[in-house]
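**Q** Dropping the sequence and predicted coords here.
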Amino acid sequence: RSLPGEPMKILIAGMDGYLGWPLSLRLAAHGHVVAGIDKGSRRNWVEEVGSHSAIPIASLDERLRAFQDLTEQPIKFWTGDLCDYSIAKDAIRAFRPDAVVHLAEMPSAAYSMIDADHCAYTQRNNVIGTLNLLHAIREENPSAHLIKLGTMGEYGTPNMPIPEGFFEVEYRGYKDRLPFPRQAGSWYHQSKVHDSNNIMMACKLWGLRSTDIMQGVVYGTRDGTPAADDRFRTRFDFDQCFGTAINRFCAQAVAGIPITPFGSGRQVRGFLALQDSMTCIELVLDPPPAAGEYRVINEFEETYKIVELAGRVHDAAMELGLRAEIVPVENPRLEAEGHYYSPDRRTLIEWGYHPTTDMASELRGMLEDLVPYKGRILEKASVIRPDIRWNGTKKACSSLKVL
Ligand code: USQ
């Protein structure tokens, strides 16, 4: 690529996932040349926990054919795992990307808390995969920009404002700009903390360039890709591991199953719509950081209390004539409820991100998209109620008195 603003060659690691698939389609539609790596792990993990995507999705082969129909070009695609170093190295050497978007991680906090095997698997998969990518970029194409999906959960919920990655500290008369403390709350979130540290070090030691995106919880079914072809649809999970809060609440409302805020529901998190996640990742691509720069940005639309979101989904569902009910359940997690939470998200706004302000219409769209698949959600209803507890026991969470 010779000039800023020109199309790039972008490698998407984790192309088959909830974000990876619509992101690939969007970037290709915007003129970029996209290549992918995936081995279908997300499909296997969801199957392992006894669930499936509420919205049926095409097989990986069908998706790749659909992608080629859209772009009218053969796609470079590697079926494999970043934990296999040769895959990471081959892909970077053969494609020589301008940017690598790394989404190829096991993304579920609950899955990582199941037992020792799932904890070790999560950390091995995420940490080794990222290390392999860093080494492959260094060896084969050190000027490539690594865009890594981190998570807002790396910061935890400290009793002070959260900056974007770094803050100025004064201690015993000395001042420095240091990484803001990371205080993850699950083995999964902790794997992302390790990734962040490793990427920061690779930038420092080897002069690589990276943007680490601290992304909030993503929700939605609509990603701005052509709706005409079913093969373009992205997945939608609702089980206790791979379904995230708003998505689960919508699936529950559609299926007529109570909406489940955990505990008092006073936990606060940053959320953003799927379309906004795509927009933000695209904004981060250009301009890339300088060689050796490790930049961190926080990415979410707004912060919300979980009970407030349950209420919004309830209201949107009632408007569509769905009889939604909110029934809190015991919180299976060890996490603060009723805490201070004030993270920055200035960078993306300065770069032109306009958050989706109309959550009500996003929720309506999601509910409408899910209604035809009520049967598919009910078929797997047993995977909705949580039983993976952060204290290591496995026991179904009981309903709480409605608050
Ligand atoms: N929650 C409920 N009821 C539910 C599900 C979740 O009250 O049925 C609560 C949880 O207790 C938690 C909050 O909602 O306080 C968020 O939980 P979540 O399952 O939606 O999200 P989380 O486990 O934090 O992980 C998700 C994605 C992960 C991503 C992260 C961004 O699975 O890949 O990194 O969101 S963040 O939360 O900002 O760290």
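**A** Thanks, I have it. Numbers count the residues shown, from 1 in each chain.
**Q** contacting residues around the residue nearest to L208 when sequence neighbours are not counted?
**A** Excluding its sequence neighbours, the residue lying closest to L208 (CB to CB, 6 or more residues apart in numbering) is A202, at 5.1 Å. For the C-beta atoms, the positions are set from N, CA and C on the backbone; glycine is no exception. Listed by CB atoms under 8 Å, 6 or more residues apart in numbering, the contact set of A202 reads 134, 138, 208, 210.
**Q** Of the residues you listed, which belong to strands?
**A** S210 (DSSP state E).
**Q** check contacts around the closest residue to the ligand within the stretch 151-300 of the chain.
**A** When scored by CB to the nearest ligand atom, the stretch 151-300 of the chain has G153 as its residue closest to the ligand, at 2.5 Å. Applying CB under 8 Å, 6+ apart, we find G153 in contact with 109, 184-186, 189, 192.
**Q** now do 10 Å
**A** By CB atoms under 10 Å, 6 or more residues apart in numbering, the contact list for G153 reads 109, 182-186, 188-190, 192-193, 214-217, 269-270, 335.
**Q** Tell me the residues of this protein that contact the ligand?
**A** 107-109, 151-153, 216-217, 244-245, 248, 260-262, 265, 267, 269-270, 306, 333, 335 (CB under 6 Å from any ligand atom).
**Q** Please flag which of those residues sit within strands.
**A** Checking the residues of the chain next to the ligand against DSSP E, those in strands are 151, 217, 269-270.
**Q** Restricted to buried residues, select the residues you listed in PyMOL.
**A** A single PyMOL command selects the buried members of these (16 or more other CB atoms under 10 Å):
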select buried, resi 151+217+269+270
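**Q** For the ones in strands among the residues of the chain next to the ligand, give me a markdown table that also has pLDDT.
**A** Listed next are these as a markdown table, based on pLDDT from 0 to 100:
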| residue | pLDDT |
| --- | --- |
| T151 | 98 |
| V217 | 98 |
| R269 | 98 |
| G270 | 98 |
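**Q** of the residues of the chain next to the ligand, buried ones?
**A** Buried, going by 16+ other CB under 10 Å: 107-109, 151-153, 216-217, 244-245, 248, 260-262, 265, 267, 269-270, 306, 333, 335, out of the residues of the chain next to the ligand.
**Q** circling back to that earlier point, what pLDDT does the residue nearest to L208 get?
**A** With respect to pLDDT, A202 has a value of 98.
**Q** what do you get for the one 3 residues further on?
**A** Taken from the predicted model, the pLDDT recorded for L205 is 98.
**Q** Correct me if wrong, but it is in a helix.
**A** Yes. With DSSP: H, G, I helix; E, B strand; the rest coil as the criterion, L205 is located in a helix.
**Q** Tell me who's in contact with it.
**A** 134, 138, 292.
**Q** By neighbour count, which of the residues you listed wins?
**A** Neighbour counts for the contacts of L205, by other CB atoms under 10 Å, peak at L134, which reaches 25 neighbours.
**Q** any idea how far the helix or strand harbouring V169 is from the chain center?
**A** V169 belongs to strand 166-171 when assigned by DSSP states H and E. Distance of strand 166-171 from the chain centroid (CA atoms, centre = their mean, to the nearest Å) equals 29 Å.
**Q** hang on, the earlier thing: from the buried ones among the residues of the chain next to the ligand, which land in helices?
**A** 109, 245, 248, 306 (DSSP state H).
**Q** sorry, back to before: can you redo the contacts of L205 as a markdown table with pLDDT?
**A** Below are the contacts of L205 laid out as a markdown table (pLDDT from 0 to 100):
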| residue | pLDDT |
| --- | --- |
| L134 | 98 |
| R138 | 98 |
| G292 | 98 |
